[in-house]
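1. task: produce atomic coordinates for the following.
(one chain, ligands or ions: 2)
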Amino acid sequence: MYIVIEGIDTAGKSTQLDILANKYKDAVFTKEPGGTKIGSKLRQMVLGGEAKSKLAEMFLFLADRAEHMQEIVNKNKNKIVISDRSMISGIAYAKHLPLDDVIKLNLLATENTLPSHVILLKLSKEELKKRLSLKEHDSIESRGIDYLIDIQNRMEETIKKLNLNYIFIDASLSIEKISKNIEDFLNE
Ligand SMILES: Nc1ncnc2c1ncn2[C@@H]1O[C@H](COP(=O)(O)OP(=O)(O)OP(=O)(O)O)[C@@H](O)[C@H]1O
Ligand SMILES: Cc1cn([C@H]2C[C@H](O)[C@@H](COP(=O)(O)O)O2)c(=O)[nH]c1=O
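-> Ligands and ions are numbered 1, 2, ... in the order given. Below you'll find the predicted structure:
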């Protein structure tokens, strides 16, 4: 199984991943960007805003993805792999390019491997505003509320376009309710 937890910044992904880590002791937990040795370096570059070109930034994320797919996801096909973000973030955040073009680039980077289960935590604008106000912003989060809500809409569009096995969960539900919804989805 290749499970991905998706959502815009502050949607609650890490919180749910902590709960999953206690339930799926034998699973491989990973993330994008930063799930491999070079991925950590790429993460530092992109989140530090070092890429001035949006295209360059996207290719850095694609490089992270290609390495992550080969070294983590495909090398653990016999296990449950649970990832904090995936190509869905990659496609959604590259919103300056046509969706179909970015989908092709991401399928190239992942060698056409798709997640078996997608969990999208969806935030309302109000809840996003509240949560962003509680944290420092990295270079991407600094692009603002409307930018992130656009990304969330593009995530939803991407998941449906790729015809993936997914669940959309209201991220403002209690931590416990979200966790139960995830558990039920994974046990279907
Ligand atoms: N269901 C929830 N209800 C209310 N607050 C929540 C819920 N889940 C998480 N939070 C809070 O929202 C904030 C963001 O949560 P978390 O770090 O898990 O999100 P994230 O999606 O991993 O964020 P990022 O992508 O920015 O790292 C934290 O302060 C967390 O305690
Ligand atoms: C995989 C991926 C991520 N991003 C953005 C999304 C977030 O703003 C950061 C990652 O931060 P997190 O704390 O690890 O969630 O990077 C992106 O723009 N493109 C991507 O492919």
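2. outside of the longest helix along the chain, which residues touch it?
-> With secondary structure taken from DSSP state H, the chain has its longest helix at helix 145-161. Identification of contacts with helix 145-161 by CB atoms under 8 Å, 6 or more residues apart in numbering yields 6-9, 88-89, 91-93, 95, 99, 103, 118, 120, 122-123, 125, 128-129, 132, 141, 166, 168. In short, each C-beta sits where N, CA and C put it, glycine included.
3. that helix - what's its average pLDDT?
-> Here the mean pLDDT over helix 145-161 is 96, rounded to a whole number.
4. got the buried residues for that helix?
-> Applying a neighbour-count criterion of 16 or more other CB atoms under 10 Å, one finds 148-152, 154-156, 158-159 buried in helix 145-161.
5. pick the one among the residues you listed closest to ligand 1.
-> Leu148 (9.8 Å; CB to the nearest ligand atom).
6. returning to what we had before: return only those of the contacts of helix 145-161 found close to ligand 1.
-> Filtering the contacts of helix 145-161 for neighbours of ligand 1 using CB under 6 Å from any ligand atom leaves 7, 9.
7. just the CA trace of the longest helix of the chain, in PDB.
-> Extracted as PDB, the C-alpha positions of helix 145-161 are listed here (Å, rounded to 0.1, in the frame of the first residue of the first chain):
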ATOM      1  CA  ILE A 145      -4.500  32.700   2.100                       C
ATOM      2  CA  ASP A 146      -6.100  32.900  -1.300                       C
ATOM      3  CA  TYR A 147      -3.000  31.300  -2.900                       C
ATOM      4  CA  LEU A 148      -3.300  28.300  -0.500                       C
ATOM      5  CA  ILE A 149      -7.000  27.900  -1.000                       C
ATOM      6  CA  ASP A 150      -6.400  27.900  -4.800                       C
ATOM      7  CA  ILE A 151      -3.900  25.100  -4.200                       C
ATOM      8  CA  GLN A 152      -6.400  23.100  -2.200                       C
ATOM      9  CA  ASN A 153      -8.900  23.400  -5.000                       C
ATOM     10  CA  ARG A 154      -6.200  22.200  -7.500                       C
ATOM     11  CA  MET A 155      -5.500  19.300  -5.200                       C
ATOM     12  CA  GLU A 156      -9.100  18.200  -5.300                       C
ATOM     13  CA  GLU A 157      -9.200  18.600  -9.100                       C
ATOM     14  CA  THR A 158      -6.000  16.600  -9.500                       C
ATOM     15  CA  ILE A 159      -7.200  13.700  -7.300                       C
ATOM     16  CA  LYS A 160     -10.400  13.500  -9.300                       C
ATOM     17  CA  LYS A 161      -8.600  13.800 -12.600                       C
END
